[in-house]
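Asker: Have a look; sequence and predicted model below, questions after that.
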Amino acid sequence: MKVIEIDGSAGEGGGQMLRSALALSMCTGQPFAMQHIRAGRAKPGLMRQHLACVNAAAEICGAQMQGAEMNSQALQFTPGPVRAGEYRFVIASAGSCTLLLQTLWPALMLADGESRLTLGGGTHNPAAPPFHFLERSYAPLLHRLGARCELRLRRLGFYPAGGGEMDVTITPATNGLVPFDITERGAPVASHAECFAPALPRAVAQRELDHLGQALGWSGEQLQVAAVRQNEGPGNALLATLAYEHLSEVFTQFGMKGISAEKVAHDLAREVRRHQGSRAALGPYLADQWALPLALAVWRSGRGASYTCTELTRHARSNFEVIERFVPVRFATDAGGDGWRVSLSPA
């Protein structure tokens, strides 16, 4: 079988290109060779969390590999059949276990049986989708495609300590993946904010929530100091969840040393207001993450689909290019009004 050659320095030049290539290689059975891995980053090559994704992918499909080692900038990956089952993968750092899940999720939702995963590492990291984004925004859309996924957060894990843990059950689509359009978010249903601040004074969380409430006009039960355990930190994540008729969006800002509670709240309020000011269905992160599973559904069904989004990032466009290398689909993007329309069609 022809090996797909990928230049990891193209586009945004980050780890998402590798994770998408791993996922799509497993889904399609096509081997790939990637050069210049993460060339666009200050420390190029495979870091611990990227190597964890490579090794986990290899375990669930029995892949043959070359270059799977720390700091490697070249990888050859030849997948075998994906095996549903029970797996445990732990990143011995604050490396994101949510990004690890997104590497494995597509292949396991196409497998021939249910899979149960226990994943350890970072659950709430600045450069990765937080657990609550996957639970509230991403998983419900996959369920509508036909693949069910249940997530349970056992323990929070923040940078730099990590130590988080989550359980995931993935049930494949019994009748195949069914693509659908998502061009409207629908009427607002509810909105709330919560602050996770283990091992920090409660006053920090309350200040962030108070300032966010003032900025957005939220109050009372909309502002929650989340229950945490002291040994889950130190860490600080301020989340805003916007539930609409057809989907939910989760936006997050992280508190760090030297950043005031007021700035954390201000930055999150700005994100929320920007999203509320648009009529497009998906926010910038969901627009990126949704592309791969929807492309698989379009490929498997032979039916096109589209979605609207508030923003198309360079990260998303690089993801589109990798997807088109593996799957016979085509992306078309059109700017209009206050956002973008992304259309997928069988090639």
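Answerer: Noted; the coordinates are in hand.
Asker: Restricting the selection to alpha carbons, write the host helix or strand of His315 to CSV.
Answerer: Element membership for His315 (DSSP states H and E) is helix 314-326. The C-alpha trace of helix 314-326 is given here as CSV (Å, rounded to 0.1, in the frame of the first residue of the first chain):
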residue,chain,number,x,y,z
ARG,A,314,-4.7,28.2,10.8
HIS,A,315,-4.8,25.2,13.1
ALA,A,316,-8.1,24.1,11.5
ARG,A,317,-7.0,24.7,7.9
SER,A,318,-3.9,22.5,8.5
ASN,A,319,-6.2,19.9,9.9
PHE,A,320,-8.3,20.0,6.7
GLU,A,321,-5.2,19.4,4.6
VAL,A,322,-4.2,16.4,6.6
ILE,A,323,-7.7,14.9,6.4
GLU,A,324,-7.8,15.3,2.7
ARG,A,325,-4.6,13.3,2.3
PHE,A,326,-6.2,10.2,3.9
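Asker: Thr252: which element?
Answerer: With DSSP H and E as criterion, Thr252 is part of strand 248-254.
Asker: after that strand comes which helix or strand?
Answerer: Taking DSSP H and E, what comes next after strand 248-254 is helix 261-276.
Asker: got the angle for that following helix vs strand 248-254?
Answerer: Interaxial angle, helix 261-276 versus strand 248-254 (axes from the mean of the first three to the mean of the last three CA atoms, to 10 degrees): 150 degrees.
Asker: And the contacts of the following helix or strand past helix 261-276?
Answerer: Using DSSP H and E, the helix or strand that directly follows helix 261-276 along the chain is helix 284-289. With contacts defined as CB atoms under 8 Å, 6 or more residues apart in numbering, helix 284-289 is touched by 16, 102, 129, 133, 137-138, 141, 247, 249, 307, 309-313, 315-316, 319, 340, 342. Any C-beta I mention is one placed from the backbone N, CA and C, and that applies to glycine too.
Asker: Please identify the buried residues of helix 284-289?
Answerer: 284-289 (16 or more other CB atoms under 10 Å).
Asker: Closest to Gly85 out of those residues?
Answerer: Gly85 lies nearest to Gln289 out of the buried residues of helix 284-289, by CB to CB, at 24.7 Å.
Asker: For Ala199, state which of the buried residues of helix 284-289 is nearest.
Answerer: Nearest to Ala199 out of the buried residues of helix 284-289 is Tyr285 (CB to CB; 27.1 Å).
Asker: Do you have the helices of the chain handy? List them.
Answerer: Taking DSSP state H as the criterion, the chain carries its helices at 15-28, 48-61, 97-108, 131-133, 139-145, 202-216, 261-276, 284-289, 291-301, 314-326.
Asker: which sections of this protein are below the confidence cut-off?
Answerer: Nowhere does the chain drop to pLDDT under 70.
Asker: mind giving me the domain split of it?
Answerer: 1-82, 188-277 (the TED database).
Asker: Could I get those domains in JSON lines, plus columns for mean neighbour count and distance to Ala107?
Answerer: JSON lines is the format used below for those (neighbours: other CB atoms under 10 Å; distance: least, CB to CB, whole Å):
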{"stretch": "domain 1-82", "mean neighbour count": "19", "distance to Ala107": "4"}
{"stretch": "domain 188-277", "mean neighbour count": "17", "distance to Ala107": "24"}
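Asker: Nearest to Leu108 among these would be which one?
Answerer: domain 1-82 (6.9 Å).
Asker: about what we covered before: do you know which of the helices of the chain lies nearest Asp181?
Answerer: Using CB to CB, those put helix 291-301 closest to Asp181, at 9.9 Å.
Asker: Let me know the angle separating the closest one from helix 97-108.
Answerer: 0 degrees.
Asker: Excluding chain neighbours, what is closest to Lys158?
Answerer: Check again: residue 158 is Phe, not Lys. For Phe158, ignoring the flanking residues on the chain, the nearest one in space by CB to CB, 6 or more residues apart in numbering is Gly235 at 2.8 Å.
Asker: Much appreciated, bye for now.
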